[in-house]
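Engineer: this one's sequence-less:
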């Protein structure tokens, strides 16, 4: 549906004061198209403002005046949009009712992901199969960690068709010596029947990370021998340590308080140590996100006043503290695994919120495979989707068909923020950029893909999402250039993060991406992409130049062989006296010099060299040097020292190049250029001019009179430059000087013809 005209304002953008345009309504998103200054629609060039409907948190209708109606739309990703309707109360009411109808969902079967799949299926001829939709194979992943027939871990079929625990995956890995009956007994002692199972194992060692839910201890301190046996067997899979560590993500007070509801924590387990990580529950995370939303909104509405206390106000939201506390807890788990060489069991209450955060972050720090794009996909599929993070509850508040807003919490978004903190401290160790994190945050809320729908693997299989929806990983792997970091370097070492508050980096690309004043003006990834593209272009030009040089070398080599291969096609001299050998060597050397110049120098460099040495053209006119522009060079032509405020540029009046002061200290006249007064010249030109003067002086002193001309008889094959045919001069008696001049002229004509 199309509605116009309306006014659009992004209140989280301090520079946006309202824009007139046209509103489009679809079952997926709200689209606002801005009207151009000429009051016409610029097809293909106007800007779209898109708001996915499922990302909307709430909508309010406000009457700002008698004729003006406003819709205030707040999203889960910290956006606040105001749509203003002037004299269009009916249109405002319709849009409000339309949004309320789409947001009032009690089942995920009506979201856009199913319609998007139908459209994509009709547009394609090749339909993906189930194995292609699932980019994670649990058996293959555990094999990569070293779980095989010879290890102390084994696969169990106790949860086939989700019979034991409906929120766990079908494929589970447990100690090889435990039986299915014992696992069933343990399930009765763990909350939601989520028993301790393997999450990650060191491929090169015995340390492991296991996950489970809290034990059902209660106020009476109930115990389970089979549960203690399973924990003991997990610890026994690591012979490098006598102790087994249990990391409870909750504060200790909360763990003790859960005893009232019949739960609790592991007390007095043999050879086990319990650590409390003091991470707050989902309700505190929601409240912290709400405080952060208000802070950003107030800062955008009054940037001058609010910016004065930005850091203090940001700290008061406690969002940075929650982020760094997660990283600190994960860092402690890394120390247990690597320094103490012990294994770890992680749980919170039901092990689907704080537990996947800790297991995922610890795996990212320990295993470089998860820091690649493919490995990161496997990590999210394993820890979040397969082991049952409640995406439907945390994103939309859906609990068994009922909507409970108190169950909404940004747990997955918080995990993305912690990964961003890891990447800022180790920017070269991740194959993906923050663009992938932003894309996954959007995909988690907009319901375009079926990957993040429902709460567990069983629900996704039951609702046939692999047939009825699109997979988000197909989109990622189809465009790796968007999400790949060109500066990525494989780092097999463990990432030792510094979880202090001074190392916290506010994620402006996510929280302030719709504010022009707050978002970064330049992305380092884009700058690296530009450098790599320039590098590729230069390499391409270099390869083309090398190929052209090889062709030129072959051509001139063939010409040289044609001139010297056979006497009938070359130069033949009948010796008349002993001085002819000198003449032949001189002519051949001169020919070889010309060939070398043709092979390794361009015509411009050759002509420039001749002009510099002769300083006169063919008519005898003085040829002045080419003047090098000041902005063309940044360092001395001789010593290669860079120019700056104290190292100035100076031109050589002889060759025209730019030198520093130390390389142009000589002052002398240049009669060849009509410079009879001393001028600044460079050291190389000074040496050349001095040498020329010495040669002239020596020639006058050693040869006061020209030597008598010598005669000889010569028969020479020459190349007619007009017709291109070889000819023969009959033997004639000439002086050596005359013969040399004629022979040099014909040789020069021959090479000019070959050019």
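Structural biologist: Cool, the structure landed. This structure is a prediction, so every number in the text was calculated from the model and none was measured.
Engineer: Quick one, grab the pLDDT at residue 120.
Structural biologist: Note for residue 120: predicted pLDDT of 56.
Engineer: do the one 5 residues further on as well
Structural biologist: On the pLDDT scale, residue 125 is placed at 40.
Engineer: same check, this time on residue 69
Structural biologist: Residue 69 carries a pLDDT value of 86.
Engineer: Over to the one 5 residues further on?
Structural biologist: Confidence at residue 74, expressed as pLDDT, is 88.
Engineer: and if you look at the one 5 residues further on?
Structural biologist: Per-residue pLDDT puts residue 79 at 85.
Engineer: mind listing what it touches?
Structural biologist: Residue 79 makes contact with 10, 12, 51, 73, 514, according to Cβ atoms under 8 Å, 6 or more residues apart in numbering. All C-beta spots, glycine's among them, are computed from the backbone N, C-alpha and C.
Engineer: so for the longest helix seen in the chain, what's the average pLDDT?
Structural biologist: Counting residues, the longest helix found in the chain (DSSP state H) is helix 524-564. Taken as a whole, helix 524-564 has an average pLDDT of 77.
Engineer: Over to stretch 655-662?
Structural biologist: If you average the pLDDT over stretch 655-662, you get 89.
Engineer: Identify each buried residue in that stretch, please.
Structural biologist: Neighbour-count burial for stretch 655-662 flags 655, 656, 657, 658, 659, 660 (criterion: 16 or more other Cβ atoms under 10 Å).
Engineer: could you pull out the helices for the stretch 301-450 of the chain?
Structural biologist: 303-307, 310-316, 319-338, 354-366, 373-380, 391-396, 411-425, 434-446 (DSSP state H, counting those that start in this stretch).
Engineer: Out of those, which is the most enclosed?
Structural biologist: helix 354-366 (a mean of 25; mean count of other Cβ atoms under 10 Å).
Engineer: Remind me what that helix packs against, helices and strands.
Structural biologist: strand 197-201, strand 208-211, helix 319-338, strand 343-347, helix 373-380, helix 411-425 (3 or more Cβ pairs under 8 Å, 6 or more residues apart in numbering; DSSP states H and E).
Engineer: Out of these, flag the one nearest residue 472.
Structural biologist: helix 373-380 (9.1 Å; Cβ to Cβ).
Engineer: Residue 435 contacts residue 485, doesn't it?
Structural biologist: No. Contact criterion Cβ atoms under 8 Å: residue 435 and residue 485 do not qualify, at 9.2 Å.
Engineer: Flag every buried residue along stretch 396-413.
Structural biologist: Buried positions in stretch 396-413, judged by neighbour count with 16+ other Cβ under 10 Å: 396, 397, 398, 407, 408, 409, 410, 411, 412, 413.
Engineer: Would you point out the most distant pair within these?
Structural biologist: 398 and 413, at 17.5 Å, using Cβ to Cβ across the buried residues of stretch 396-413.
Engineer: just to revisit the earlier point, and which of the buried residues of stretch 396-413 is nearest residue 193?
Structural biologist: Using Cβ to Cβ, the buried residues of stretch 396-413 come closest to residue 193 at residue 407, 20.4 Å.
Engineer: List the residues that contact the closest one.
Structural biologist: 282, 390, 393, 394, 397, 399.
Engineer: please redo it, this time with the cut-off set to 10 Å
Structural biologist: Remark: with contacts taken as Cβ atoms under 10 Å, 6 or more residues apart in numbering, residue 407 is in contact with 282, 283, 286, 390, 392, 393, 394, 395, 396, 397, 398, 399.
Engineer: Over to residue 229?
Structural biologist: 175, 177, 178, 182, 185, 186, 270.
Engineer: Which ones among these map onto helices?
Structural biologist: Members of these lying in helices (criterion: DSSP H): 182, 185, 186.
Engineer: can you list the weak-confidence ranges in the stretch 501-650 of the chain?
Structural biologist: 516-527, 529, 559-623 (pLDDT under 70).
Engineer: and what of the chain?
Structural biologist: The chain contains residues with pLDDT under 70 at 1-2, 4-5, 11-17, 35-48, 117-132, 301-307, 516-527, 529, 559-623, 701-755.
Engineer: now with 50?
Structural biologist: Along the chain, segments meeting pLDDT under 50 span 37-45, 124-132, 565-583, 600-614, 617-619, 705-737, 739-740, 743-744, 746-755.
Engineer: Centre-most residue in it?
Structural biologist: residue 485 (1.9 Å; Cα atoms, centre = their mean).
Engineer: Phi, psi for that residue please.
Structural biologist: Main-chain dihedrals, residue 485, degrees, to the nearest 10: phi -100, psi 120.
Engineer: Ok, residue 90 next?
Structural biologist: According to degrees, to the nearest 10, residue 90 has phi -60, psi -40.
Engineer: Show the contacting residues for it.
Structural biologist: residue 69.
Engineer: Quick check: nearest residue in space to the residue nearest to the centre of the chain, chain neighbours excluded?
Structural biologist: Once flanking residues are discounted, residue 485 sits nearest to residue 433: 4.7 Å by Cβ to Cβ, 6 or more residues apart in numbering.
Engineer: what do you get for residue 333?
Structural biologist: Using Cβ to Cβ, 6+ apart and skipping the chain neighbours, the partner closest in space to residue 333 is residue 362 (4.7 Å).
Engineer: and if you look at residue 455?
Structural biologist: Spatial nearest neighbour of residue 455, chain neighbours left out: residue 390 (4.4 Å); criterion: Cβ to Cβ, 6+ apart.
Engineer: Just confirm the one you found contacts residue 349, I think it does.
Structural biologist: No. Taking Cβ atoms under 10 Å as the definition, residue 390 is not a contact partner of residue 349, at 12.0 Å.
Engineer: Identify the residues contacting the residue nearest to residue 333.
Structural biologist: 199-200, 209, 247, 329-334, 336-337, 344, 346.
Engineer: quick one, what contacts the residue nearest to the centre of the chain?
Structural biologist: 373, 423, 427-436, 524-525, 528-529.
Engineer: same check, this time on residue 668
Structural biologist: Neighbouring residues of residue 668 by Cβ under 10 Å, 6+ apart: 653, 654, 675, 677, 678, 679, 680, 681, 685, 686, 689, 690.
Engineer: Report the beta-bridge partners for the residue nearest to the first one when sequence neighbours are not counted.
Structural biologist: Spelled out, it's residue 653. When the adjacent residues along the chain are set aside, residue 653 lies closest to residue 679, with 4.2 Å between them (Cβ to Cβ, 6+ apart). Per DSSP bridges, the residues bridged to residue 679 are residue 668.
Engineer: wait, residue 679 sits on residue 666?
Structural biologist: Yes. Taking Cβ under 10 Å as the definition, residue 679 is a contact partner of residue 666 at 9.5 Å.
Engineer: overlap in contacts of the two?
Structural biologist: Listed as contacting both residue 679 and residue 666 by Cβ under 10 Å, 6+ apart are 652, 654.
Engineer: Do a quick rundown of the strands in the stretch 51-200 of the chain.
Structural biologist: For the stretch 51-200 of the chain, the strands defined by DSSP state E, counting those that start in this stretch occupy 56-63, 68-75, 80-86, 153-156, 172-175, 197-201.
Engineer: Would you mind putting the buried residues of stretch 655-662 into TSV with secondary structure and distance to residue 68 alongside?
Structural biologist: As requested, the buried residues of stretch 655-662 are exported to TSV (DSSP: H, G, I helix; E, B strand; the rest coil; distance: Cβ to Cβ, whole Å):
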residue	secondary structure	distance to residue 68
655	coil	76
656	coil	72
657	coil	72
658	strand	67
659	strand	72
660	coil	70
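Engineer: would CSV of these with distance to residue 88 be doable?
Structural biologist: Formatted as CSV, those follow (distance: Cβ to Cβ, whole Å):
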residue, distance to residue 88
655, 77
656, 73
657, 73
658, 69
659, 74
660, 73
